[in-house]
Structure formats: structure tokens, C-alpha cells
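Novice: Let me see the structure of the following:
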Amino acid sequence: MKRSLLIPIALGLIFQSCQKESNPYSFMYEDIPSLEGLKGSANYLNSPFTAAGDRLYLIGNQNGTFPDLGWHVEGEMGGIWLHPIKLLDGFNAQIKHEENSICLLEGNSFTNYPFANGIEYGKITEELSVDRLHFVPDGKEGMVMLYRFQNRATSPINFEFSWNAKVDLRPVWLGEQSGMIDTADQVSFNELTGTFLGKDSGNEWYVVWGSESGITLSPTNISCPIESKGQGLNSSFSTQISLPADYEFIFPIFIAGSTESELNALENFAEIRENLESDWNAKKARYEEIYEKSQIQIPDQELQKAYEWVKYNIDWLVRDIPGLGRGFGAGLQDYPWFFGVDSEYTIQGLLATGRKELVYSTIELIHNLSEKTNGNGRIIHEASTNGVVFNPGNINETPQWASTIWEVYRWTGDREFLEKYFPSVEKGLNWLLEENDADGNLLADGYGMMEIHGLESEMIDVASYSYKAFKDASKMAEILGKSDLAESYQHTADALAEKINKEFWVPEFGSYADFIGTAEEALHLIDGAIIRADTLNKPWAVEELKATKEKLSTLPKDQKQGFVIYHNWVVNTPMEVGVADPEKAKIALETGRKYTNPFGVFVTGIDRDESAENEDGSFSGSKVFSYTGAVMTLPTGVSAIGENNYGNPDAALDYLKRMTRSFGFALPGSIYEVSPDYGMFTQAWNLYSFAVPIVTQFFGITPDAGNKVIYIRPQMPSAWENASIEKVQIGENEISLIYQKSGDELILEVEQSEKKWGLSIEIPENYTQVKVLGKEVSADTQNGYRRILMTGERVRIEAKKN
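Specialist: Numbering: from 1, shown residues only. Here you go, the predicted model:
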């Protein structure tokens, strides 16, 4: 079943005719063909990519340029960042050959690898070809770029190579709130060491760059400097290069930084330069491990590839900030910092794909920021990498935190973890209903996932996640010996389930309500929704909204009830958490399928029209960033999970296929936040939308690590007759599963590293002829499934229908 990450790939960057010089950096180019590279589209060379480590990352365009990017700090979200500071706006290069000056402004092609990327400039003269490779090591405050020059002529070539850095040492978003004030930058050159040093004149912020020791660099001016925002300045060097006939030379440029001192920056520079090969090999080995964890083999190769790379994508978002903590950001380029809700979704995918350490560090980071900011159990929404919290928390984030803690315990069985964080769950649930439920009906008021102005009444997603939070908290309380609290929490969960299915259900729309509020509140929201729908030229939505408004105008203004106005994606959360009554779920899921296009689910349903299913091209988003008209992976993943929860794996697979259409659409190896090519070019919660439906639902793996039992009930799409998954980490156990189905015959084979753990394998009871190979402990039938509890290193079930 195993396939290595390191597979042979033909790559245009390698020219076999060139004689390779004995160069200490050639190992990277020799290694590149063994990595899986994905080539970008020529149509998207003018869109961003990242070369990322956990301390430093680079963001530029796939053609090699560094325009002003991003809106969060306008124009400043690209370049090279060492959070919580920026080092460079970017860099560029120039070649002087004979009488010609050639600026290396735009590359011809871009290739992305799991942990590196390359840009090919091609032939810049008749004799000379150039390409560029980027690599950022783990745990290091620096990076390397390799320029490879290839003389394909039969005679030597001499040229001058110049390289320009646009220094812009500046603070991250909200820096001024923590005393980080940007001042003018200064650059100096050390002839003895051949290094350049940039410093912010008012702060201990530094950037150092240079090349291999022994290469002579001379300060110079370049004819194609970078124009960008901010208080930065251009600084250039040049060097002479001589290439024999049919020869190549690799020229390294190292960049390092520091938020502490000049000495620390120089030490970081030396560390990068001296340990490049070991750093490369270490990162390659770590990415091989990411690939191998929860590795799948499924009939849908495109979906399999998207799932594989989404696991890599999350690694590009890891930020390790001294003095603050280690966690993953929400997305690049504009959300490199930390979010409560993004973490809560993504952690479920991380657990399913074996990233326990990242889960623990992120939870600690979010918890510490929440305690420092709120101290009452409320979970923050958004915090910059300097520790400044922008939003102390939307209402949904606190109940979702409770379920996140439970999910971690289910996968790890770590009682110490549970004891450490359960107090925050208790405080958070008290805050949820004591401070946000003015009328005492168990439905907290305030913004949930939909941050539409005025939409802050009793929201369906807050209600759904609150139901799950109290249900999960009840289980945690019982484990910790708090039986009375467990009973109280379960009672609240039961009451919320009833309210969701009675008070939020709107039969005439076949949907759960966006929110519960008064008729007066709804009328104000309808006016805004009509303007939105009319602006977007959605006449069906305008007509529906006007009819709803006319009906509401006859109601008492203070009458509360559930309203369907926007058809927001959050109306699917009752199916996501499994609280929806089965009959209502069937109707609601069918309704939800209407609000899609080829890439997935609309964030706001009224943005859809009859032509949506035919619109599968680039997303025409507004220049001022907005989610209006957006289709996103999170709503699509939620719908897939909901379909699976109610026995519809084929419908779930359809949603996964829709998301997969965005894979590599703009950035090879990544999926945009807004499908297919708008917003963040890589997004953390994509892992939730892929890993949860595949690992926990299609393969049916439900962990109970605390009791050393794993429940397995595969629910495969009808077209999948053969599938497997390997190295799923559950506590100290690791399992692999093979699924085979042919006609009326079914075979399930499970291996585990801890042979004393229980494996509860469930198959539909219409498989009446069952052969068990392994140590069977017990068997029964429940809810239409035959359950067989087994132990042992390897177990196998062969079943057949009559």
C-alpha cells in the first residue's frame, strides 16, 4: 500500500547536458527530481506563493516579483517575514553581459514542492539560462535562495551578477499597540565578512544577507530597484561570474534576521550557511513523516492528491514566536496570525492526520491569550503575532473550544491534558449562558461565524455548537468524577437539541433558520439583504426577500421566531454536529444542495443564481476584500460532514470533488480560501474539510483512546470498492485499515501497533455470512450494524450478503 513522497519526476529545471561543478549546494538540485513537484499555470504567474518555515517565510508572486500584496496591512503582507517583524519587501536581480543590462523581473514558470519552490527564468541571453530555488529550514531565523547559472554555449561566458534587497524592517499588524513603532531603516556593509546589515534605527530589528564565504561582493546600484510602500530602502551588491563552456554555477544568497540584537542576526546567518545540507535533509525527513501519517489510497486520485497536499499546506502556516508560543496561522497572505475558531476546526483535521504536537502547542497558545485577555473562559477570535488581541471572541468560539478539548482527549486519551483544560471549559460554558443569554432561553446572543452587520441575535451555529459543547462537556465531567455537573450539562444539551429542532426549524423553507429574533430585527436585516441581492443581480433572491418582508410586516414587531433570510451556510451546522432530527436533516440537506456551484457551497445562499452551476472559472471578487458572492471550503466541508452523518457518502464525496476542483487552480499544491482563486492562497481549515470526511467518516475511524478502544465503521462512497489508510495515530496506538468490496462481499482488515487495544468493527447487519479472523471478544447487533469487538495485532472480517 505504501508509496513514498520521494518519487521520480521529470523537471525542466534540470539540464542533463550541463557538467555539474563540485558545488556545496548542488545536493539540493540533485535531490529535487526525487521530490514531487507541481508546475504552476502560466495564467497565474502573477499570483502569490510562499516558501515557509516555522520562524520565517517568504511571500512573492510565482513569476519571482514582489509587488505590494495584501490588505490587512495594505501592501505589506508579502516579502520576507520573521514574526513579529518584517525583514524585506522583497528582492530582485540583474545581469550585465557585454553591453546589455538584464533585469530578472519575471520568470517563465513556477514549480512548487512540499517544502521548497523554484522559478525558471529560462534563456536570458543566447548562451545563459537562469533559475532560482527557495528553501526555509525548520526552526531557523533565516533562509537561502540559490541562483543557478547555466552556460549552454561552446565557449566561456563572463557577466556581472547584481542582487538587490528592499529592506523594510517594520512591525506586524497592531504593532503600535504593543509599542512597536516603525522608524527609518539603515544599511551597512562589512567588507571583512562580505555581509550586509539592515537595522531599524529605533528598534533592535535586524536583517543580514550575503553569500558564501570567499565570494567577493561589492556594494553597487541596480537599474531596476523595487518600488514599494513603507520606510524601507534598496541596497545592492554585485559580483563577477565566469562560466566555462557547457557549465553551471550555483550562487547562494543567505538571509537571516533577529528581533534581539545584531550579534544574534549574524549568528543566525552563520547557522543557516553552515548547516544547510543537514537542515534540508531534516526537513525532507519530516515531510516524509507528514506524508506517511494517515496516508490514503483511494480510487479518486485527484482527491487523494489534494488531501496529501492539504496536509503539507498546514505546515506552511506554523508560526513559532519567541515569548508568545507556537501555533498555526489561519491563512496566507493576510491571516498569518492566530484565530480561535480557525484553530478549533483545523485541530480536528490535525488529530486525524497525526499532528498531536502542533495541536498541543496551538491549544496552549490560544488558551494563554484567552486567559490573559478575558480570564473568564471566553475564547479569543483573532490575535496578531505580537500578542495583541484584536477581537476577544465571537460567541461560537467558546462552545467550540469545549468540543475541541473533548476531541483531543478522544484521540489521545491524555487525562492530564483533560484535567488541565477542563476548567477553561467550565468557565467558558458559564460565560456563554450567564453573560450572553439575556432572556434565559439557553440560546446565547451574539455574532457566530457569519459576521454580517446586525446579524447578532440567537444564531443557528451558536446554538448547534452550544449543543455539542454541553454534550461533550458532560462526557468530560463524567470522566473527571463530576457526576452532578455531567448530568446538568447533558440536560442542557438535550434542551438545546429540542429547541434547535422546534424553534429553529422553518418548514416553508425546508431549512433551519439563520437566526431567531424579533420581526423588527428581521425587517432591518431584510432591507440590507435586498440591497445586497439587487446589487449582485439576483432577482430570485430579491423576490423571495420581498415576499418574506411582506409576510413579516403583519407580525407583531416584538414577536420572536426563526427566520430564513440569507440562506447562510451555517444553517447546515445542525447536520454537522448531528443534532438534526433525521427527517428534518433529509429535507435540510436537500435544500442545502441548491446553494452550490461547481466548487462548493456559497457562504451566503442569496448570492447564488440559476447560472451558478455553469460558473466554474475565476472568482471575480471585489478589489476591497469581501466575502460577498463567495464559495468557500469550510462551508463545503461542513456540508460534506453533514451528509456523512446522515448516511449519504455519495453526496459527501460530491462536495469533496467540488472542493478538489480548486486544488492547484491558482497555486500548485494549494487550495484558496475562496474558491477557486480569491482571498487567502492557502488556508488552515481546509484540513478539516478534507481529513474529517475521509478519515473519520469514509474510513469510519472513531477513537476512544481513553478506554483503549477504536470503533471502525466504514461508510464508503458506492464507487469505492478498494481503499486503504495507514499509520493513523490514536494515543500510543497506530492503525492501518484495508477496505475491499466486490458485489455482495466485503473484507475489512485492520492492523494495530498495540495488540491489547480493542477494535470494535461494525458492518451492516444485512451481511449475514461473517467470518472473523482474529481474537473475538464479543459481538452484538445495534442500530442496524453487527458489532464485533476484537483484539490482536491484525484482525480480518470477511462478510457476505445472502
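Novice: Might you list the low-confidence residue ranges for the chain?
Specialist: 1-22, 453-454, 610-611, 621-625 (pLDDT under 70).
Novice: and it, what are its domains?
Specialist: Listed by automatic domain parsing, the domain ranges of the chain are 19-285, 699-800.
Novice: Work out the gap between the shortest one and the centre of the chain.
Specialist: A distance of 30 Å separates the C-alpha centroid of domain 699-800 from that of its chain, computed with Cα atoms, centre = their mean, to the nearest Å.
Novice: ditto for stretch 505-521
Specialist: Using Cα atoms, centre = their mean, the offset of stretch 505-521 from its chain centre is 32 Å.
Novice: Which positions within that stretch qualify as buried?
Specialist: 505-506, 509-519, 521 (16 or more other Cβ atoms under 10 Å). For the C-beta atoms, the positions are set from N, CA and C on the backbone; glycine is no exception.
Novice: Can you tell me how far the closest residue to Pro714 other than its chain neighbours is from Ala270?
Specialist: Of all residues not flanking Pro714 in the chain, Gly700 sits nearest, at 4.3 Å (Cβ to Cβ, 6 or more residues apart in numbering). Gly700 is 51 Å from Ala270, where distance means Cβ to Cβ, to the nearest Å.
Novice: ok, these two, which is more surrounded?
Specialist: Counting neighbours by other Cβ atoms under 10 Å for Gly700 and for Ala270 shows that Gly700 has the greater number, 20 against 17.
Novice: dump the residue contacts of that one.
Specialist: By Cβ atoms under 8 Å, 6 or more residues apart in numbering, the contact list for Gly700 reads 711-715, 762.
Novice: what's the answer for Glu106, then?
Specialist: By Cβ under 8 Å, 6+ apart, the residues touching Glu106 are 45, 63-65.
Novice: what kind of secondary structure is it in?
Specialist: coil (DSSP: H, G, I helix; E, B strand; the rest coil).
Novice: phi, psi of it?
Specialist: Here is the backbone geometry of Glu106 (degrees, to the nearest 10): phi -130, psi 120.
Novice: Going by neighbour count, which residues in stretch 106-120 are buried?
Specialist: For stretch 106-120, by 16+ other Cβ under 10 Å, it's 107, 109-120.
Novice: May I have it as PDB, with CA atoms only?
Specialist: Extracted C-alpha coordinates of stretch 106-120, given in PDB (Å, rounded to 0.1, in the frame of the first residue of the first chain):
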ATOM      1  CA  GLU A 106       9.600  37.900 -14.400                       C
ATOM      2  CA  GLY A 107      10.200  34.100 -14.500                       C
ATOM      3  CA  ASN A 108       8.700  31.900 -17.200                       C
ATOM      4  CA  SER A 109       7.500  29.100 -14.900                       C
ATOM      5  CA  PHE A 110       7.000  28.200 -11.300                       C
ATOM      6  CA  THR A 111       7.200  24.700  -9.600                       C
ATOM      7  CA  ASN A 112       6.100  24.100  -6.100                       C
ATOM      8  CA  TYR A 113       7.400  21.300  -3.900                       C
ATOM      9  CA  PRO A 114       6.100  20.300  -0.500                       C
ATOM     10  CA  PHE A 115       8.900  22.300   1.300                       C
ATOM     11  CA  ALA A 116      10.600  24.300  -1.400                       C
ATOM     12  CA  ASN A 117       9.900  26.000  -4.700                       C
ATOM     13  CA  GLY A 118      11.600  27.100  -7.900                       C
ATOM     14  CA  ILE A 119      11.300  29.800 -10.600                       C
ATOM     15  CA  GLU A 120      12.700  29.400 -14.000                       C
END
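Novice: Pull the distance from it to the chain's centre.
Specialist: Taking Cα atoms, centre = their mean, one finds stretch 106-120 lying 21 Å from the centre of the chain it belongs to.
Novice: for stretch 565-583, same thing?
Specialist: Put simply, stretch 565-583 sits 23 Å off its chain's centre (Cα atoms, centre = their mean).
Novice: ok, which stretches of the stretch 601-750 of the chain are strands?
Specialist: Assigned strands in the stretch 601-750 of the chain, in chain order: 631-632, 682-683, 701-704, 709-712, 722-730, 733-742, 745-752 (criterion: DSSP state E, counting those that start in this stretch).
Novice: Out of the ones you listed, flag the one nearest Pro676.
Specialist: Comparison of the strands of the stretch 601-750 of the chain against Pro676 by Cβ to Cβ identifies strand 631-632 as nearest, at 8.4 Å.
Novice: ok, residues contacting the closest one?
Specialist: Contact partners of strand 631-632, identified using Cβ under 8 Å, 6+ apart, comprise 569, 596-597, 599-603, 619, 673-675.
Novice: neighbour-wise, which of those residues leads?
Specialist: Gly600 (32 neighbours).
Novice: was I right about that one contacting Met659?
Specialist: Yes. Here Gly600 reaches Met659: they are 5.4 Å apart, a contact under Cβ atoms under 8 Å.
Novice: Thanks again, I'm all set now.
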